[in-house]
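# let's see this in three dimensions:
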Amino acid sequence: MKMKLIAALGALLLANVPAHAIDAKYRQKLERSGCTQMSELQGCDINKTKAENAKAGFVTVAPAEGAGSSAHASHQSPYAGTWQAMGPSGAVVAEIQIDHKEQVKVNGKAVKAKRSDGALVFKQGSMTYTIQGDRRLKGEDYWYDADAKTKGLIQAK
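Numbering: from 1, shown residues only. Got it, this is the predicted structure:
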């Protein structure tokens, strides 16, 4: 009886040992590169610097040129710029402006935007717009009209 109790307690103690998901070297690489484990799965390279990954659209805060500290970081958004939502016939459905603070205007009207799974998503009326943060992905910026059940691509202007 005592052996069974000791074996059960031993198994319970082994089951409660904390698991460490990443080691110190891997964590340092993530910090240096500005990547997260999720962005690494999407293509963020942990062997590059924050600035290099920011240019690729994975990191939104890159160190300032020539600055030695992260206190002087400049904010770069892969979404910033002017975009056009194109209809199935090629006509412009909407003009979209996004500033470096990710404030969005659709046809001149401000709309609320949120990040979702590496993309910037915002709505105006029945239309939902999705712009991917990874600028290497082509043809994945799109809009969808829930009322008309139509969709189309969004292109950088």
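# residues touching the residue nearest the centre of the chain, list them.
In the chain, the C-alpha nearest the mean C-alpha coordinate belongs to residue 118, at 2.7 Å (Cα atoms, centre = their mean). Neighbouring residues of residue 118 by Cβ atoms under 8 Å, 6 or more residues apart in numbering: 39, 42, 132, 133, 134. Where C-beta positions appear, they are placed from N, C-alpha and C, glycine not excepted.
# hang on, the last one in a helix?
No: counting by DSSP: H, G, I helix; E, B strand; the rest coil, residue 134 is not part of a helix but coil.
# for this protein, give me the ranges with low pLDDT.
14-22, 59-75 (pLDDT under 70).
# would you map the helices across it?
Counting by DSSP state H, the segments of the chain that form helices are 2-15, 24-33, 37-41, 50-55.
# let's have those in CSV, adding distance to residue 143.
As requested, the helices of the chain are exported to CSV (distance: least, Cβ to Cβ, whole Å):
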stretch, distance to residue 143
helix 2-15, 49
helix 24-33, 32
helix 37-41, 25
helix 50-55, 26
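# so which bits of stretch 108-126 are buried?
111, 113, 118, 119, 120, 122, 123, 124 (16 or more other Cβ atoms under 10 Å).
# give me the distance from it to the chain's centre.
14 Å (Cα atoms, centre = their mean, to the nearest Å).
# where do the strands sit along the chain?
Using DSSP state E, the strands of the chain run over 61-62, 74-75, 81-86, 92-98, 104-106, 109-111, 113-116, 119-124, 127-132, 142-145, 150-156.
# I'd like to know which of the ones you listed is closest to residue 10.
Closest of the strands of the chain to residue 10 is strand 113-116, at 45.4 Å (criterion: Cβ to Cβ).
# for stretch 138-156, buried residues please.
141, 142, 143, 145, 151, 152, 154.
# do stretch 96-112 as well
So stretch 96-112, judged by 16+ other Cβ under 10 Å, has buried residues 96, 97, 98, 102, 104, 105, 106, 111.
# pick out the most distant pair among these.
102 and 106 (13.6 Å).
# now the common contact residues for these two.
Joint contacts of residue 102 and residue 106 (Cβ under 8 Å, 6+ apart) do not exist.
# on that earlier part again, of all the buried residues of stretch 138-156, which comes closest to residue 47?
Nearest member of the buried residues of stretch 138-156 to residue 47, counting by Cβ to Cβ, is residue 141, at 27.8 Å.
# right, and the closest one touches residue 154 too?
Yes: between residue 141 and residue 154 there is a contact under Cβ atoms under 8 Å: 4.0 Å.
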